[in-house]
Every structure is written in structure tokens, then in C-alpha cells.
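**Q** here is my input, please return the structure:
(one chain, ligands or ions: 1)
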Amino acid sequence: MNLTLHELARVVSAKNDVSAYPNLVLKNIEFDSRLIQDGDIFLPLKGARDGHEFIPTAFDKGAVVTLSEKKIAFPHILVTNTEQAFQVLAAYYLEKTKVDVIAITGSNGKTTTKDMAAQILETTYKTYKTQGNYNNQIGLPYTVLHMPEDTQKLVLEMGQDHMGDIHLLSTLAKPKLAVITLIGESHLEFFGTRDKIAEGKLQIVDGLVPGGELIAPADKIINAYLPENQKITRFGADSDIHIVDLYEYKDALRFTVNFLDEQLMIPIPGKFNATNAMVAAYIGMLEGVSSENIKRALADLVLTKNRVEWLKASNGADILSDVYNANPTAMRLILETFQTIDRNPDGKKIAVLADMKELGEQSPQLHRQMITALDPQKLDLLYLYGEEIEPLAAAAMTVFEPDAVKYFRKDNEKDALDALLKDLLNTLAPQDQLLLKGSNSMKLSTLIEGLC
Ligand SMILES: N#Cc1c(NC(=O)c2cc(S(=O)(=O)N3CCOCC3)c(Cl)cc2Cl)sc2c1CCN(Cc1ccc(O)cc1)C2
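**A** Residues are numbered from 1 along each chain as shown. This is a model prediction of the structure:
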């Protein structure tokens, strides 16, 4: 980002007088103090812990100013609510930079479609896109404020946990294109019915700019929520845009669409990916990308990995894998999501939690405190893997039944991951649900390889 300190204070309606502070140019804002570098602004958020506790650490690491909800001795911009200030700042920055926003939501396929659309647009424009699962009320503003200064096209993924989430994100981002990839199955959402999921997703039009366009599936479940005064393009069989020919290979697809002459190829299987690619190609065409560039971008596709996703184990069990960002807040949020979802009939709910790295001297306390995010009524089996997580294992053994907690210590000599996998293979049944959460460096993805 490129904002001066006084400009930023004005935009977030600072409650204190910052005129005495030098009007520095601020290039980077972080809410995780581990990422702070010289000259940054710190954003204390109420995550698993109150970020205000980490303001001293942020200044130790080079922060020059911090937002704050209370008067403090450090140079600060005083606001009522730091999360809301973050969102107001992101909306302002989008307005100021006049970047074109393409917003994408959907129960499945939004990450793949986001990646495909961004790679198509990159052939012609300076393009930036949501990284990882930064698609919520904190991740989306973070994405906006971290886009390179010369960005022309911004592809934003919009996730929804609760009704109203997408309304907030769309009115913040003011997209020119709003895309819904798919209305998913209710058991993977908080909404209870597909109709409610549809209603939530259609809020993506709430911030659509005049003259914008909605791109949505032909699925009639959304018909009740379509906007009156916006251009709407439906996709699916016999719809406005649709696949004409499709040839499936072991790890690729070739297909043609009714709005391009070129045959397209993507180096991944799955008919649903042809639909995702068709939507991405349509976005490219609307934005003026040539059909040759669309074809080439899709053929050279590289997809985001390690996103938060539901997978199927080879025995049919559901696996929720979130091995992307391991910090106390992310672990607490994914546990909340996982524990809210009902068991499958006769199914167990199993969680595998691994070390969160780089938490400094507070690591034992931050791991132990995760005990308050674990509900013995909602988890049948808890695997803990690593070294730093040991305090949580000890705490869990006093809260869960003894045989409901299994701790696999990872020390230098013996790596317990293979023992953990073996135990899981003996325990996981087809109707079970499994959560995997931990730092990338803990390599929980090898469990996925062993189970899927
Ligand atoms: N609570 C908490 C902490 C963090 N939380 C987050 O980074 C965070 C992550 C998330 S998130 O769920 O990961 N999220 C990011 C946005 O996109 C969607 C996913 C959210 Cl929503 C909010 C927050 Cl505040 S990062 C972090 C802590 C507490 C400890 N911090 C390091 C540290 C250790 C010891 C010290 O003395 C000082 C700092 C690092």
C-alpha cells in the first residue's frame, strides 16, 4: 500500500491528534506481529488473544505506528474498532487506486476459479489475487492493502461463514464483476439449507458497481435473489454461456465453449474444472483478454495448494484440511467451524492438531490456551503432534477421557508422523470426520497423502 500517516488517520476517523507525528509514508500493515518490519504499521485485532498485547513486540520489530482502541504510550492512531478501521481503509484504498475488482464466491470452486481468472488476466494486466484463504472480513482487507501499487485487476475471493459476510465484503470491494461458482451442500455450511446459502452468496451483488455484471450458475435456487438492474450471465447446460464439447483425459481436459472459437485445455481433470475454467475464460473475454492469451493461460495453469478444503479419504471419511496459516486465531476458528458441524450418523469427530511455530516465549501459553477451544462433547478423539503442543496435550488429558487423547511427540530422533498415520488408518471409519490443523512445517499434508 502507499498511504501517508496523516491520510490514514483521516480515513479511519482517528480520535486522537496525530499532527505531531511525522507524516511518514506507510507501505505495509500487519496484524501478525511476527511479520512486522521497519516502517510498518501494526494492526492489533481481537483474535485468539487481544492483539493490543503484542504492540510492544511490534515496535521491537520496527513498527513506527500502531492502530489502537485505547490510549497508549506508543505512537498510535486511536480508533473505536480496529477491524472496522481496517475495512474502511481497504475500501478507501480501492477507491483511490481505481483498481478493477472481480469478486468470486461459491461453496466449491471459488479458489480454483480465482486462480484461473487471475492467470488469464495476468497475460494482459498487472493482476493481484487473494492469497491462500485470506477471503474473509480480515483477509480481504489485508489482500487489498497488500496488492502491488501498479495493480490494474484485483481478483478477490469472498468466503462466507455467516449470513451477511458477503454483503460486507461486496460493499467494501465494489466489484465490477461478481461471480458465483456453485451453491454447495448445506452440511458443509452454517446455513442449514441450500436456499439460505444461495441468499447469502447473492449478497455479492450488493456492492456491484453500476454497469457491473453478475455471473452465476443456471441453478434455479438463486432465482429468488437475482438483482433487478444488473446484467446477469448464467452458466450451465443450454445457458447464456456453456460448454459445447468436452473431452476428459486422465489428468487434463479439452473443451470448447459457446463464446470462443478456440478449443481450450486445462492440465487438471474433473468436469467441474471445465466449468470453472469456462467462467474464468468468460471473465478474461469481458476484460479484453485475447482468446489466444486465454487459451495459453489455461494450458499453463498453476493452482493454489494447501487451501482450507474438504477432502474425501479413500475410505469415504470427510477430511477438513487447513494446513495453511497456523496461528492461535486460525486454529480457534477452524476448531469452531469443525465442532459446529454435526457428526455423520454413527460417525466419530477426530481432530489432529500440530505445533504452531514461531510463537516465541509465549508458545507454551498460546498452545495451552487452545484447551478452551476444544469441546469433549464435540470431539471423540484428539491427536496432538509435535513438541510445542505438549502443554495442550497435558491440559487435554485432564479434560477429555484418557483414551480420547493421543499425543505423538515429534523430537529430533524419531518423527512420530508415521506412527500417527498408522494409528489413524486403524481408527478412521468411512462415516468419520477428521480435522487437520498445524503449521506447514509439520507436514500434515503427508497424512492426506496416506489417507486419500
Ligand atoms: N491471537 C493471536 C495471534 C495471531 N492471530 C492472527 O494472526 C490472526 C489470524 C487470523 S486467520 O484466521 O488466520 N485469518 C487471517 C485473515 O484471513 C483469514 C484467516 C485472523 Cl481472522 C485474525 C488474527 Cl488476529 S498471530 C499471533 C498471535 C499471537 C502471538 N503472535 C506472535 C507472538 C508471540 C509471542 C510474543 O511475545 C509476541 C508475538 C502471533
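
**Q** tell me the pLDDT at the nearest residue to F255 once chain neighbours are set aside?
**A** Computed as CB to CB, 6 or more residues apart in numbering, the closest residue to F255 that is not its neighbour in sequence is L246, at 4.4 Å. (Each C-beta comes from the backbone N, C-alpha and C, glycine too.) Looking at L246, its pLDDT is 95.

**Q** is it true that L246 lies in a strand?
**A** Yes. Under DSSP: H, G, I helix; E, B strand; the rest coil, L246 falls within a strand.

**Q** number of residues surrounding it?
**A** Around L246 there are 14 other residues, counting by other CB atoms under 10 Å.

**Q** ok, it touching K271?
**A** Yes. Using CB atoms under 8 Å, L246 is in contact with K271, at 6.6 Å.

**Q** quick one on the thing from earlier: how about the residue nearest to F255, what does it touch?
**A** 253-255, 271, 274 (CB atoms under 8 Å, 6 or more residues apart in numbering).

**Q** so for those, which is the shakiest by pLDDT?
**A** When the contacts of L246 are sorted by pLDDT, the bottom entry is K271 at 84.

**Q** residues touching that residue, list them.
**A** If a contact means CB under 8 Å, 6+ apart, then K271 has 246, 248, 253 as its contacts.

**Q** isn't the last one up against I268?
**A** This means L253. Yes. Using CB under 8 Å, L253 makes contact with I268 at a distance of 7.2 Å.

**Q** between these two, which one's more packed in?
**A** Neighbours were counted for L253 and for I268 using other CB under 10 Å; L253 has more, 21 against 16.

**Q** please tell me how far that one sits from L298.
**A** Here L253 is placed at a distance of 10 Å from L298 (CB to CB, to the nearest Å).

**Q** between the two, which contacts overlap?
**A** Both L253 and L298 are contacted by 265-266, 277, under the criterion CB under 8 Å, 6+ apart.

**Q** excluding chain neighbours, what is closest to the residue nearest the centre of the chain?
**A** Nearest to the geometric centre of the chain sits N133, at 1.8 Å (CA atoms, centre = their mean). Counting by CB to CB, 6+ apart, N133 lies nearest to V308, which is 4.5 Å off, once chain neighbours are set aside.

**Q** same check on N81?
**A** With CB to CB, 6+ apart as the criterion, N81 has its nearest non-adjacent residue at 6.7 Å, and that residue is E69.

**Q** what's near enough to touch that neighbour?
**A** E69 makes contact with 44, 52, 78-82 under the criterion CB under 8 Å, 6+ apart.

**Q** so what does it have for phi and psi?
**A** The phi/psi pair for E69 (degrees, to the nearest 10) reads phi -90, psi 0.

**Q** quick check: the gap between the residue nearest to F255 and the ligand.
**A** Separation of L246 from the ligand (CB to the nearest ligand atom, to the nearest Å) stands at 34 Å.

**Q** check P430 too.
**A** With distances taken as CB to the nearest ligand atom, P430 is found 30 Å from the ligand.

**Q** not counting sequence-adjacent ones, nearest residue to that residue?
**A** P430 sits nearest to G316 (CB to CB, 6+ apart), 3.8 Å away.

**Q** look at that neighbour and report its pLDDT.
**A** pLDDT, read off for G316, is 95.

**Q** mind checking how far I138 is from the ligand?
**A** Going from I138 to the ligand by CB to the nearest ligand atom gives 4 Å.

**Q** could you confirm P269 falls within a strand?
**A** No. Looking at P269 with three-state DSSP, it is coil, so not inside a strand.

**Q** where does L67 land in three-state SS?
**A** strand.

**Q** pretty sure it is touching E83, no?
**A** No. Judged on CB under 8 Å, L67 makes no contact with E83 at a distance of 9.8 Å.

**Q** so which of those two has more stuff around it?
**A** Just comparing L67 and E83: by other CB under 10 Å the higher neighbour count belongs to L67, 28 against 19.

**Q** for that one, list each beta-bridge partner.
**A** L67 has these beta-bridge partners by DSSP bridges: I77.

**Q** so who does it touch?
**A** 12, 41-44, 76-77, 79, 82, 85-86.

**Q** can you tell me which of those residues has the most neighbours?
**A** Of all the contacts of L67, the most densely surrounded is F42 (29 neighbours; neighbours counted as other CB under 10 Å).

**Q** give me the distance between it and T4.
**A** Applying CB to CB, the value for F42 to T4 is 17 Å.

**Q** any buried residues in stretch 52-67, and which?
**A** For stretch 52-67, the neighbour count (16 or more other CB atoms under 10 Å) marks 52, 54-55, 58-59, 61, 63-67 as buried.

**Q** for it, measure first residue to last.
**A** One end of stretch 52-67 sits 9 Å from the other (CA to CA, to the nearest Å).

**Q** tell me which residues of stretch 265-282 are tucked away?
**A** Of the residues in stretch 265-282, 265-266, 268, 273-282 count as buried by neighbour count, 16+ other CB under 10 Å.
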